[in-house]
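Trainee: Below are the sequence and a predicted model; questions follow.
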Amino acid sequence: MKIGFIGLGNMGAPMAANLVKEGHEVTGFDLAAPMPEGVSKADTAAAAAAGQDVVITMLPNGAILRAVADEVIPAMKPGAVLCDCSTVDVDSARAVADQAAAAGLGALDAPVSGGVGGATAGTLTFMVGGSADAFNTVKPLFDIMGQKAVHCGASGAGQAAKICNNMILGVTMIATCEAFALADKLGLDRQKMFDVVSTSSGYSWTMNAYCPAPGVGPQSPADNDYKPGFASELMLKDLRLSQQAAESADADTPMGQLAKALYEQFVENEGGKGMDFSAMLPRFEKRGHN
Ligand code: NAD
């Protein structure tokens, strides 16, 4: 397949490299990042998109996606598919999909989970919104870049799944960390706390698979001085997107709102930037009841 790839940063570069390895012809454009081996460099986003069967974008946010879409949609050939893999707000995802449809193109929002490790290993999970036809066109590429692609529904459904999942993740991480900090103050051994909770009704992915307490549970960023992993500022980005969506859809999400406020405080005022999102535990450790 002929593929245009726009945004070859930490995630986009290894994703594009995996497509090249499987014999696809990839033309890339990025404002700053170098091209991975085997990707031909275009001088503009429009040039990277012209004549391609599929154009993939992997960009920082919705405003940048909208700007890039304005440029590439008129350059794409009729019937081609614009597939955005960035994490962006649901409204931007839907607006870009509408704009693509009006130009006779297919469009997918296909955010990922799995991080840079998953992008490099080709084991990402794609959550996809858009038509079945567009999904089926891009599916062979999802199968190269990832281990699973779930067609979640119409445009915006992929982003909706992503931010709902990550809202649960942020809230659960905070609950797990504050419970450890309380257990400490009650004199409960952390290993005993893990042994009980990981097999009781308080179990969760954050406790069982990504335990925020160093030396407890399977290996996690806590065992590596809280180096990310999944950085707190990226969790904050996703929590802000979920609150933006909650406001726009008139949904009541008090726990998500509180999680956003806590990560905001942690990232902006408490040194959490650049630390894994499980570093909420040492944050809680230092604090008292008020
Ligand atoms: P990144 O900052 O490393 O890469 C983004 C790239 O986009 C950069 O190379 C930048 O130069 C390029 N860019 C910015 N504006 C551009 C423009 N107008 N035209 C062309 N290129 C432009 O970010 P990343 O970590 O690769 O993340 C990309 C997306 O994936 C984000 O939406 C992020 O939320 C999402 N995501 C990241 C992770 C992760 O662990 N890093 C995990 C899941 C999802």
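Mentor: Perfect, thanks for sending it.
Trainee: mind listing the helices for the stretch 1-150 of the chain?
Mentor: Under the criterion DSSP state H, counting those that start in this stretch, helices of the stretch 1-150 of the chain are mapped to 12-21, 45-49, 62-72, 90-102, 115-121, 132-145.
Trainee: The second one near the ligand at all?
Mentor: Yes - interface with the ligand: helix 45-49 contributes A45 (Cβ under 6 Å from any ligand atom). To be clear about C-beta, it is placed using only N, CA and C from the backbone, and glycine gets the same treatment.
Trainee: Low-confidence stretches in this protein?
Mentor: Applying pLDDT under 70 to the chain picks out no residues at all.
Trainee: Can you tell me who D276 pairs with across the strands?
Mentor: Under DSSP bridges, the beta-bridge partners of D276 are A231.
Trainee: can you name the farthest residue from the center of this structure?
Mentor: No residue in the chain sits farther from the centre than G187, which is 37.1 Å out by Cα atoms, centre = their mean.
Trainee: check contacts around Y226.
Mentor: By Cβ atoms under 8 Å, 6 or more residues apart in numbering, the residues touching Y226 are M275, D276, S278, A279, P282.
Trainee: And it, how far from A251?
Mentor: 32 Å (Cβ to Cβ, to the nearest Å).
Trainee: Would you mind putting the helices of the stretch 1-150 of the chain into a markdown table with distance to Y203 and mean neighbour count alongside?
Mentor: Formatted as a markdown table, the helices of the stretch 1-150 of the chain follow (distance: least, Cβ to Cβ, whole Å; neighbours: other Cβ atoms under 10 Å):
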| stretch | distance to Y203 | mean neighbour count |
| --- | --- | --- |
| helix 12-21 | 32 | 22 |
| helix 45-49 | 45 | 24 |
| helix 62-72 | 34 | 19 |
| helix 90-102 | 30 | 20 |
| helix 115-121 | 23 | 16 |
| helix 132-145 | 30 | 18 |
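Trainee: quick one: which of those helices is nearest Q219?
Mentor: helix 115-121 (13.0 Å; Cβ to Cβ).
Trainee: packing partners for that closest one?
Mentor: helix 12-21 (3 or more Cβ pairs under 8 Å, 6 or more residues apart in numbering; DSSP states H and E).
Trainee: Does at least one residue of the helix it packs on sit close to the ligand?
Mentor: Yes - using Cβ under 6 Å from any ligand atom, we find that helix 12-21 touches the ligand at G12.
Trainee: all strands for this structure, in order.
Mentor: Assigned by DSSP state E, the strands in the chain fall at 2-6, 25-29, 40-41, 54-57, 81-84, 106-109, 112-113, 124-130, 146-153.
Trainee: Contact residues of this protein facing the ligand?
Mentor: Going by Cβ under 6 Å from any ligand atom, the residues of the chain near the ligand are 6-12, 29-33, 45, 58-60, 64, 67-68, 86-87, 112, 115-116, 234, 237.
Trainee: go again using 8 Å as the cut-off
Mentor: Contacts of the chain with the ligand, taken as Cβ under 8 Å from any ligand atom, map to 6-13, 29-33, 45, 58-61, 64, 67-68, 85-88, 111-116, 118-119, 162, 228, 230-231, 234, 237-238.
Trainee: any idea how far the residue of the chain found nearest the ligand is from P60?
Mentor: Closest approach between the chain and the ligand, counting by Cβ to the nearest ligand atom: G9, at 1.9 Å. G9 sits 8 Å away from P60, going by Cβ to Cβ.
Trainee: Now tabulate the strands of the chain in a markdown table and tack on mean neighbour count and distance to Q244.
Mentor: Below are the strands of the chain laid out as a markdown table (neighbours: other Cβ atoms under 10 Å; distance: least, Cβ to Cβ, whole Å):
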| stretch | mean neighbour count | distance to Q244 |
| --- | --- | --- |
| strand 2-6 | 26 | 24 |
| strand 25-29 | 23 | 28 |
| strand 40-41 | 12 | 34 |
| strand 54-57 | 28 | 20 |
| strand 81-84 | 28 | 17 |
| strand 106-109 | 28 | 15 |
| strand 112-113 | 21 | 19 |
| strand 124-130 | 26 | 17 |
| strand 146-153 | 18 | 19 |
